[in-house]
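>>> Sequence first, predicted model second:
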Amino acid sequence: MAFPVTLNGVTYTLANFEGLNYVEGFPDALEDFVTEAGTQVSAAATSATNAATSESNASSSATAAASSATAAASSATAAAASATAAQASLDAIEGLYLGAQSSDPTVDLNGDALTAGDWYFNTVAGAVKIYDGSAWVTITSITFDLVDDTTPQLGGNLDLNGNTVGGVDATELSILEGATVTTAELNYLDITTLGTTEASKAVTADANGVVTFDDGISEEYGAVTSSSNSTTVDLQSGTNFSHTLTENTTFTFSNPAASGKISAFTLKIVQDASASGYTVTWPTSVDWPSATAPTLTATASAIDYFVFITHDGGTNWYGFTAGQAFG
């Protein structure tokens with residue numbers, strides 16, 4: 001190796017050593033020494049730098065390890081708290097629901113004394129039993145108070161099981177199935193006094209079966225015609241009839257009330273405008289006063305009025321002349 005050489009930041013040349021007393025070969029040896037010394041100093045500096053880096057790395061690792069240890073400790077604390085809460089919940093459940101047992105328990109599943117509200121399923125009786133504070137009671141049915149529920153709803157069909165709702169049984173309720181009545185129409189039955197008629201209400205009878213009409217009565221009035229000299233008065237179609245003669249005709253009275261009930265009707269006979277003098281043949285069941293049927297007024301458009309009553313299902317009709325020769 002040759003000069004110059006740098007040592008600890010100072011550069012030396014061979015001239016720095018000229019004039020010195022030295023033996024043969026000393027300059028070269030000194031040069032080698034200085035060079036080696038420089039190499040050793042550089043290596044020492046590098047080692048010092050590496051040592052500092054290792055120290056820094058070691059410090060960072062220690063900090064990370066400490067952080068990990070702290071996190072692990074926090075997790076362990078949280079896990080312990082969760083376990084404690086879970087155990088508390090289990091204890092609370094076991095202190096209330098005692099599971100399925102074959103006989104009445106004397107303590108809860110925690111070994112504590114029974115409290116009101118504890119319950120279990122009895123496997124022998126096949127029923128739920130609840131502790132009322134002094135004894136075990138079998139729950140045979142559950143009753144709910146619907147007073148506070150203003151919009152109760154059924155989840156399915158209601159089986160009355162032979163019971164009634166407000167005194168109405170299943171058969172009576174089924175009558176309403178398919179009904180299309182409105183609330184107003186149902187209110188027609190809201191009668192203040194049974195047996196007495198009211199405006200816009202249904203007609204009812206009282207406890208004795210009597211109907212009282214507080215207002216007027218309107219009855220059907222219909223005309224009947226003849227065909228092939230025959231005319232029929234149907235008591236199911238009304239109670240007041242008229243007939244204008246167009247030919248001689250024989251009358252038939254049909255569908256009176258059953259025996260024991262009254263059927264009565266009025267009949268207006270009108271002659272034709274031509275005063276043809278048509279005649280009427282009455283049913284043989286009609287009984288006239290003095291057994292003599294009236295003679296019709298024969299003048300044009302003359303009106304005769306008659307009344308007929310039966311109480312034996314039409315076996316006998318009683319005929320009355322209400323008036324003749326009207327018009």
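Looks like it arrived, so ask away.
>>> what separates the spatially most central residue of the chain from residue 168, distance-wise?
In the chain, the centroid-proximal residue (C-alpha atoms, centre = their mean) is residue 153; its distance is 3.8 Å. Going from residue 153 to residue 168 by C-beta to C-beta, to the nearest Å gives 20 Å. For glycine as for every other residue, the C-beta is placed from the backbone atoms N, C-alpha and C.
>>> Contacts for stretch 130-144 next, please.
104, 114, 115, 116, 117, 118, 119, 122, 125, 127, 128, 129 (C-beta atoms under 8 Å, 6 or more residues apart in numbering).
>>> Can you report how many residues lie near the fifth one?
Think residue 117. Look at residue 117: counted by other C-beta atoms under 10 Å, it has 12 neighbours.
>>> May I have the secondary structure class of it?
Look at residue 117: counting by DSSP: H, G, I helix; E, B strand; the rest coil, its state is coil.
>>> my read: it touches residue 96, true?
Yes: between residue 117 and residue 96 there is a contact under C-beta atoms under 8 Å: 6.5 Å.
>>> Any idea how far apart the tips of stretch 140-147 sit?
By C-alpha to C-alpha, to the nearest Å, the extent of stretch 140-147 from end to end equals 22 Å.
>>> which parts of stretch 228-235 are buried?
Buried residues in stretch 228-235, counted by 16 or more other C-beta atoms under 10 Å: 231, 233, 235.
>>> Stretch 317-327 now?
In stretch 317-327, counting by 16+ other C-beta under 10 Å, buried: 317, 319.
>>> contacting residues around it?
Against stretch 317-327 from outside (C-beta under 8 Å, 6+ apart): 253, 266, 270, 282-283, 285-289, 293-294, 296-297, 299, 301-310.
>>> cool, and stretch 188-202?
203, 204, 205, 206, 207, 208, 210, 211, 212, 213, 214, 215.
>>> Name the member of the residues you listed that has the highest neighbour count.
residue 204 (15 neighbours).
>>> Would you map out the domains in the chain?
5-69, 97-138, 161-216, 221-326 (automatic domain parsing).
>>> comparing those, which gets the lowest mean pLDDT score?
Ranked by mean pLDDT, these end with domain 5-69 at the bottom, a mean of 66.
>>> re earlier: residue 186: which of the contacts of stretch 188-202 is nearest?
Nearest to residue 186 among the contacts of stretch 188-202 is residue 204, at 14.4 Å by C-beta to C-beta.
>>> could you pull out the helices for the stretch 151-300 of the chain?
Using DSSP state H, counting those that start in this stretch, the helices of the stretch 151-300 of the chain run over residues 170-174, 183-186.
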